[in-house]
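>>> using only what follows, build the 3D model:
(chains A and B)
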Amino acid sequence: MTELLKISLPDGSVREMEPGSTPGDVAAAIGPGLAKAAIAARVDGELRDINRPFEGDAELALVTARDEEDALELARHDFAHVLAEAVQSLYPGTQITFGPATDDGFYYDVKAPADREPFSMDDLPDIEEEMRRIIKADKPLRREVWSRQQLIDKWEAEGEVFKAEWAKELPENEELTVYWSGEDWLDMCRGPHLASTGKLDPQAFKLTRVAGAYWRGDQNNPQLTRIYGTGWLNKKQLNAHLTRLEEAAKRDHRKLGREMDLFHLQEEAHGSVFWHPKGYRIWRELESYMRRKMDKAGYREIKTPQLMDVRQWEQSGHWGKYAENMFAVPDMVPEVEELGDGPANPSVAPDADWMAIKPMNCPAHVLVFKQGITSYRDLPIRLGEMGCCHRNEPHGALHGLMRVRQFTQDDAHIFCTEAQVVEEVRAFCKLADEVYSDFGFTYDVKLALRPEKRFGSEADWDKAEQELRDAVAEAGMANDEYGWEELPGEGAFYAPKLEWHLTDAIGRTWQVGTIQGDRVLPDRLDASYVGEDGDKHRPVMLHRAIFGSYERFIGILIEHFAGRLPVWLAPVQAVIATIVSDADDYAKEAVARLEAAGIRVESDLRNEKINYKVREHSHAKVPHLLVVGNREAEEGTVAIRTLGEKEQRVMSLDEAIAMLKAEATPPDLREG
RNA sequence: GCUGCUGUAGCUCAGUGGUAGAGCGCACCCUUGGUAAGGGUGAGGCCGGGAGUUCAAUCCUCCCCAGCAGCACCA
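So this is what the prediction gives:
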């Protein structure tokens, strides 16, 4: 007589089951409806296959499609397996490697057979069709425990060199599992999986693209083809997702930047931005705003050289560690050879001194700090700079305004005593919160901890990490509301980093703000202050930024607002458009009054129909269109059509000016 | 930097081994019209750069540059 297993359910009841029974059996025992709906199980909290037998008494929660997060994870993982199976079925000789679930779907890295080109977009329809066939075949997905040697033998026998390599590195004593799809295909996998491929909705996925990816993420390894798909529980979810992608594409700052005439990029200066008048207007508003915030917070603004002798960069450590990303120029007048009408050929003397363009502002700020003798009474010293930096980024990394080779940071360095660090960081947390709130962003705060390769003693790292932790706790942000999380190994080589990750209007996150507690650079550059005891001490240097860079922040703003910037940032805040030319004089008068009130206004007196003007200025994302015809001219009113609203409002010109003035006031200057 | 794709008018894109086309935009003319495209005419291109194949290259081949997607990178 074997003992029955005691399976506790979420409602507190306990069921007794035969040994060897599975969560699926429990579901069946409860009712046929649940048996059908259950797709997986949480056994003692662990997500498991529905038909994996219990190993003893357990707490069970059955997972159905209503448990969306679990269900999606399972479905995507299954889609990835089906993808790999489909590719191998269509193209025998393809090697498979890995295929996890992602935020919106799945991918699988594969290596095409040697006699075939790597897979391309053109192959995707065939693969999708094969996947649907596998799903419709409703192949059972069966878990099996294998030994490591069994796995190695199988992969080697099948010429799966990547899988074999991986299997060889698996731990000896761990329980290794494979999943069969029917009787003819398997992949090694930790699981769990759905009970069969038929549990997937064949209309709920779409292969989206192919891309190169390195084996095990290392660029020294062979490159594989990564096939991406997006996968969901049903077609409705898939379509909603595809709609979201379209929405994101519409917000693309590169597209809007062109349409709204904000900036352009061209290959002669790739990675650097040509700001047009309208785009630079946004920049100037941001810069004025940030100057006010920093002035109020006790920062003092400085300006430091773009070019410094390479010896200075050697001392700071950048020339050794970072030279390949720096631009260098010879400190000399180049010899120029005239070649008739051809190009001048400058040559650099072998003994030329080299200068480098700054990739960051910190060393220069230390040099400013080091001028004169600083007393502990002067600390903290907060030096700010709208610092224009150049970094020679890998070309594949460049992306619109988000990743550029020339950018300007809202940079500052706070030099302080150890005792002041926590308070300074706490104050920064508050400042950052004010700024992000003014733009309507919510954000998460993360702490990036010491990386493997680093400078400085363990004691200093312990201290530096704890300071940041304490400051965030004091600011009341070390909790779920602020997405508080510590990220081991993600810090800079010289300091742990607090990071601010913004969430934009369609849910994407962007890292912008940071503060870092650095004890390395003050030491390398020999910065010191005189303490109360009369001795020299090293200050702690806090590197910090809130926008991160103007370029990136403007890119994020454009996408966040889909180009519909708040009035205070809009390059053109209002357009006065006439219906008939008889209203021209009144329109000009209105423009003059608005300009006098400090509103950025343009007039549109063109001989075009009002429909046409409305359409054009709506596309241009002008917040307010003030329409004037004979009626308004007589009555001294304007008909305001506000972007995004269907109805116009008629009000007196005075009222309109008051309203626009209020909306055009930057958030930090508003009353109340 | 790696893999793949792309590069034709200001923008979005079609097209062909015999030096090119559309829509939008732009200019001019007509139209003065009350809230998302009124009509007409016209200008505008070394078909990314270089080399090669060819009687002939925007088209085919090779190299380079830039962009896009992903990877790697982001002190």
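>>> in the stretch 251-400 of chain A, what residue lies closest to RNA strand B?
Evaluated by Cβ to the nearest atom of the strand, the stretch 251-400 of chain A has residue A:396 as its residue closest to RNA strand B, separated by 1.7 Å. (Glycine included, C-beta is placed from N, CA and C.)
>>> what residues does stretch A:408-416 touch?
Surrounding stretch A:408-416, the residues in contact under the criterion Cβ atoms under 8 Å, 6 or more residues apart in numbering are A:290, A:294, A:299, A:360-362, A:365-366, A:369, A:374, A:379-389, A:424, A:428, A:522, A:527, A:529, A:539-551.
>>> just the buried residues from these, in ChimeraX please.
The following ChimeraX command selects only the buried members of the contacts of stretch A:408-416, with burial defined by 16 or more other Cβ atoms under 10 Å:
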select /A:290,294,299,360,361,362,365,366,369,374,379,380,381,382,383,384,385,386,387,388,389,424,428,522,527,529,539,540,541,542,543,544,545,546,547,548,549,550,551
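>>> now intersect the contacts of stretch A:408-416 with the helices, please.
Helix and strand membership here follows DSSP state H; of the contacts of stretch A:408-416, those in helices are A:290, A:294, A:362, A:365-366, A:369, A:424, A:428, A:522, A:550-551.
>>> farthest pair within those residues?
Taking Cβ to Cβ, the two most distant members of these are A:522 and A:551; they sit 28.7 Å apart.
>>> the helices in the stretch 401-550 of chain A, which residues?
For the stretch 401-550 of chain A, the helices defined by DSSP state H, counting those that start in this stretch cover A:421-438, A:458-474, A:521-524, A:550-560.
>>> and the third one, what's buried?
By neighbour count, with 16+ other Cβ under 10 Å as the criterion, the buried positions of helix A:521-524 are A:521-523.
>>> likewise the first one?
For helix A:421-438, burial by neighbour count (16+ other Cβ under 10 Å) applies to A:421-422, A:424-429, A:431-433, A:435-436, A:438.
>>> still on that earlier bit, also within reach of RNA strand B: list those from the contacts of stretch A:408-416.
Restricting the contacts of stretch A:408-416 to those touching RNA strand B (Cβ under 7 Å from any atom of the strand) yields residue A:360.
>>> low-confidence bits of chain A, can you list those?
Applying pLDDT under 70 to chain A flags the ranges A:1-2, A:336-346, A:672.
>>> just want the most central residue of it.
residue A:510 (3.5 Å; Cα atoms, centre = their mean).
>>> who does that residue bridge with?
residue A:502 (DSSP bridges).
>>> gap between it and residue A:559?
Distance of residue A:510 to residue A:559, given as Cβ to Cβ, to the nearest Å: 9 Å.
>>> swap in residue A:474?
33 Å.
>>> ok, the two, which is more surrounded?
Set side by side, residue A:474 and residue A:559 give different neighbour counts by other Cβ atoms under 10 Å, the larger being at residue A:559 (25 against 15).
>>> so for residue A:510 and residue A:559, which residues contact both of them?
Taking Cβ under 8 Å, 6+ apart as the criterion, residue A:510 and residue A:559 both touch residue A:504.
>>> show me what contacts residue A:405?
A:270-272, A:390-393, A:398.
>>> mind checking which of the residues you listed are buried?
Looking at those with 16+ other Cβ under 10 Å, the buried ones turn out to be A:271, A:390-393.
>>> surely residue A:556 is in contact with residue A:504?
Yes. Counting by Cβ atoms under 8 Å, residue A:556 touches residue A:504, with 6.4 Å between them.
>>> if you count surrounding residues, which of the two has more?
Between residue A:556 and residue A:504, counted using other Cβ under 10 Å, residue A:556 has the larger neighbour count: 22 against 19.
>>> distance check, that one against residue A:290.
Distance of residue A:556 to residue A:290, computed by Cβ to Cβ: 15 Å.
>>> repeat that for residue A:23.
In this structure, residue A:23 and residue A:290 are separated by 56 Å, where distance is defined by Cβ to Cβ.
>>> now swap in residue A:120 and tell me
As it turns out, when the distance is counted by Cβ to Cβ, residue A:120 lies 46 Å from residue A:290.
>>> same thing with residue A:380?
Residue A:380 sits at a distance of 19 Å from residue A:290 (criterion: Cβ to Cβ).
>>> can you check residue A:376 too?
Distance from residue A:376 to residue A:290, counting by Cβ to Cβ: 29 Å.
>>> is the longest helix seen in chain A positioned near RNA strand B?
Here the longest helix in chain A is taken by residue count, with DSSP H as the criterion, and it is helix A:68-90. No. Counting by Cβ under 7 Å from any atom of the strand, no contacts exist between helix A:68-90 and RNA strand B, the nearest distance being 14.7 Å.
>>> in that helix, what counts as buried?
Going by neighbour count (16+ other Cβ under 10 Å), the buried part of helix A:68-90 is A:70-89.
>>> pull up the pairing partners for the helix or strand residue A:61 falls within, direction included.
Assigning secondary structure by DSSP states H and E places residue A:61 in strand A:58-63. Strand A:58-63 has its sheet partners listed here by DSSP bridges as strand A:5-8 (parallel), strand A:40-43 (antiparallel).
>>> bridged to the residue nearest to residue A:624 when sequence neighbours are not counted, which residues?
The shortest distance from residue A:624 to any residue that is not its chain neighbour, by Cβ to Cβ, 6 or more residues apart in numbering, is 4.3 Å, and that residue is residue A:574. Beta-bridge partners recorded for residue A:574 (DSSP bridges): residue A:601, residue A:624.
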